[in-house]
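J.: have a look at this prediction, sequence included:
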Amino acid sequence: MLLEVRRNHVMKDALGTIRYSQDDLSSKLQIKFIGEAGVDLGGLRCEFFSLLVYQFSHSGSSGHLTFRKNYVELEKNTFFYLGQLVALSIL
């Protein structure tokens, strides 16, 4: 599976791609940062997941992180697709 993402919008681009992808999720994940040259031999994947975790943990209102349901994201299955991305990180 090839994910083409913008560095500043990793989470949005990755979720948008995986949500509508017909690719086999058990295949090896390859990352391409849009507008950058590079071959993913593992370093781009590592950078992708670092950026994904950072953007996910810094989304929402700053200083107001709580454990309550976000019904909008639940309806869009965002957490399901984030779980699929986490699973791809260990394959």
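T.: Yep, that arrived.

J.: what's the biggest helix in the chain, counting residues?
T.: helix 43-57 (DSSP state H).

J.: buried residues in it?
T.: Going by neighbour count (16 or more other CB atoms under 10 Å), the buried part of helix 43-57 is Leu44, Arg45, Glu47, Phe48, Phe49, Leu51, Leu52, Phe56. For glycine as for every other residue, the C-beta is placed from the backbone atoms N, C-alpha and C.

J.: go on, stretch 84-91?
T.: Buried-residue list, stretch 84-91, by 16+ other CB under 10 Å: Gln84, Leu85, Leu88.

J.: dump those to a markdown table, plus secondary structure and distance to Lys12.
T.: Below are these laid out as a markdown table (DSSP: H, G, I helix; E, B strand; the rest coil; distance: CB to CB, whole Å):
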| residue | secondary structure | distance to Lys12 |
| --- | --- | --- |
| Gln84 | helix | 15 |
| Leu85 | helix | 12 |
| Leu88 | helix | 17 |
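
J.: name the nearest of these relative to Gly35.
T.: Leu85 (21.5 Å; CB to CB).

J.: these two touch, right, that closest one and Leu52?
T.: Yes - counting by CB atoms under 8 Å, Leu85 touches Leu52, with 6.5 Å between them.
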